[in-house]
Every structure is written in C-alpha cells, then in structure tokens.
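Colleague: only geometry, no sequence info:
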Ligand SMILES: Nc1ncnc2c1ncn2[C@@H]1O[C@H](COP(=O)(O)OP(=O)(O)OP(=O)(O)O)[C@@H](O)[C@H]1O
C-alpha cells in the first residue's frame, strides 16, 4: 500500500499475506506506524491497495466492504442524537423508523445501557459511549468486525470490562474479528491468533502466533496465568525487535530503501 504525498511516495506495507478463517478472532500488533491501520482500512475497503488484492469470502473486494462493521478508537457518535437514535443509525437508513428504534432499544439494553436510551453522548462516560458504539456496530449484524484500537482511550479498568463484554458478545456469534492494538496484553488475552507486522516502511507479516488459552476466558484473571505469561513473553521477544528497528530507523534517519529491502 503506497501513499502518494507532496514529499513523495511512501510504501507503508508491502508483504501482507494474511488469511483469516471465518469466525476467528485475530489481532494485529506491530511497532507504531508499521501499517496496522492501513491493513484494516484496506480490508474495510476504505483504501484500495496499490498492488495485490483483498479477498472477502474468496471474492475480490471492490469498494466498501459491506460485510464488515468498523470500530475506531474515536467513536463516531452523533452529538445531536440520543443513545437509541445513535444505535439505530448503525442500521442501514432504510426500513420503518419505529422498527429500527425498537431493535436499537434491544441493543441498548444488551450492552448494559438500559435507562440511558434518551441520553446524549456528552452526558455519557467514556465506557458508556463505547457501549453505544459497540451496539451501533453490532446492530447491523456484520459477518466481519474490524476494530482499530477500539478501547485505546479508556482507563484500564473500564477497558478490561469492555474487553470482557466484547468476548461475551463474540462467543458463538460466528463473526470474524480483525483487531488492531498497540497493547500486546490485550491482543493475547482476546485472540485466537496474534499477527505481528514488521517495522515499516514496506512492512509485512513476520510472525503468526496461535493463542491456545482456553475459552471462555475471564480477562480479569487470565493475565496472571502461567500460559499467558509464556505466550506474551514469546511474542514480545519478536515485537521488541521490531520496535527497536523502528527506533533505530527513526533515530538514524535510515527509513528508506534499505528498510524496504529488509521487509522483502
Ligand atoms: N494518508 C496517508 N498519507 C501518507 N502517509 C500515510 C497516510 N496514512 C498513513 N500513512 C503512513 O503510513 C504508515 C503506516 O500508518 P498506519 O496508520 O497504518 O500505521 P499504524 O501501525 O496503524 O500506526 P500506529 O501504531 O501509530 O497507530 C505511517 O508511517 C503513516 O505515517
């Protein structure tokens, strides 16, 4: 994926050969700026790859990925709409208004916001806004969930609660999740597999790590288990190398042709 800018072209990711089986929860980690969001945007159809292609269910993706729901770090709640109206907005704008609101109401209850249906986003805590955003994404029943640091802005406790609730929703849903995070702990605790991208530019997949922690998982406890520590340590050893390479390139200003060659 190459970006064209005033100061020249920049190839963010080059060798991303990644297949995700339906129903899997896969996290993508890597050093800052390596291209995690770029990959997610390509799968969402928000950006077309400069080379190669995205296949969804074996079919080449053209335009927006209609089978996917997208959740960003910054939620996209409309400030002038109430909780229930924001959730209903997650449904295609077709359909009878009363039916859309009834379904939205069910989702508001399901994400633990009963009683706040008529509140506006500015009246909600960060966690409550996130619950609204989760309902807004899930109400459309997408097969694929693309999540880009969805809980990054939350405090640690709220984040763990939201992660637990995400897993509860996802369990038995059959939905495929592609989850981008800076946080390796979050990646290991949630996922079936962690995918590591190399330092950019021209980054690619340098490691795939199956996570064999039993499910259902209680995320409030899982981080203290020996197997978690073992998996985390193994992935961190490789991630650390990529983080160091990113720092070295930044400090020596060598993020150029040599770096692309390395990634090849
Ligand atoms: N629209 C754009 N135009 C030019 N360069 C871009 C554009 N979007 C991203 N980039 C560059 O591409 C690289 C990858 O960006 P991307 O946001 O995908 O990385 P990331 O791994 O998600 O970053 P972070 O971990 O910091 O969130 C970065 O060097 C970024 O500066």
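Modeller: That came through fine. Small disclaimer: the values here were computed from a predicted structure and weren't measured.
Colleague: Please make it C-alpha for all contacts and neighbour counts, starting now.
Modeller: OK.
Colleague: And the closest residue to residue 34 other than its chain neighbours, how far from residue 247?
Modeller: Excluding the flanking residues, the one nearest residue 34 by Cα to Cα, 6 or more residues apart in numbering is residue 200, at 4.6 Å. As defined by Cα to Cα, to the nearest Å, residue 200 lies at a distance of 11 Å from residue 247.
Colleague: Please give me every residue in contact with the residue in the stretch 101-250 of the chain that the ligand sits nearest to.
Modeller: Per Cα to the nearest ligand atom, residue 182 is where the stretch 101-250 of the chain lies closest to the ligand, at 6.2 Å. Applying Cα atoms under 8 Å, 6 or more residues apart in numbering to residue 182 gives the contacts 29-32, 149.
Colleague: mind checking pLDDT for it?
Modeller: With respect to pLDDT, residue 182 scores 91.
Colleague: Need phi/psi at it.
Modeller: With angles defined as degrees, to the nearest 10, residue 182 sits at phi -80, psi -20.
Colleague: got it, and residue 71?
Modeller: phi -130, psi 120.
Colleague: how about the nearest residue to it, chain neighbours excluded?
Modeller: Nearest one to residue 71, counting by Cα to Cα, 6+ apart, is residue 147 at 4.7 Å.
Colleague: How about residue 159?
Modeller: The shortest distance from residue 159 to any non-neighbouring residue, by Cα to Cα, 6+ apart, is to residue 151 (5.8 Å).
Colleague: my guess is that neighbour meets residue 161, correct?
Modeller: No: between residue 151 and residue 161 there is no contact under Cα atoms under 8 Å: 10.2 Å.
Colleague: Compare those two and say which one has the larger neighbour count.
Modeller: The neighbour comparison of residue 151 against residue 161 (other Cα atoms under 10 Å) goes to residue 151, with 24 against 14.
Colleague: Not counting its own residues, what contacts the helix or strand encompassing residue 159?
Modeller: Residue 159 is part of helix 156-170 when elements are defined by DSSP states H and E. Residues from elsewhere that reach helix 156-170 (Cα under 8 Å, 6+ apart): 127, 131, 151-152, 190, 218-220.
Colleague: Stretch 195-205 and the ligand, are they touching?
Modeller: No: using Cα under 6 Å from any ligand atom, no contact is recorded between stretch 195-205 and the ligand, whose separation bottoms out at 6.9 Å.
Colleague: Compute the first-to-last residue distance for that stretch.
Modeller: 7 Å.
Colleague: What's the biggest helix in the chain, counting residues?
Modeller: Using DSSP state H, we find that the single longest helix of the chain is helix 226-252.
Colleague: counting contacts, what elements does that one pack onto?
Modeller: helix 184-190 (3 or more Cα pairs under 8 Å, 6 or more residues apart in numbering; DSSP states H and E).
Colleague: Run through who's touching whichever helix or strand comes after the helix it packs on.
Modeller: Sequence-wise, the next helix or strand downstream of helix 184-190 (DSSP H and E) is strand 193-197. Strand 193-197 has contacts (Cα under 8 Å, 6+ apart) with 25-31, 34-36, 187-188, 203-211, 239.
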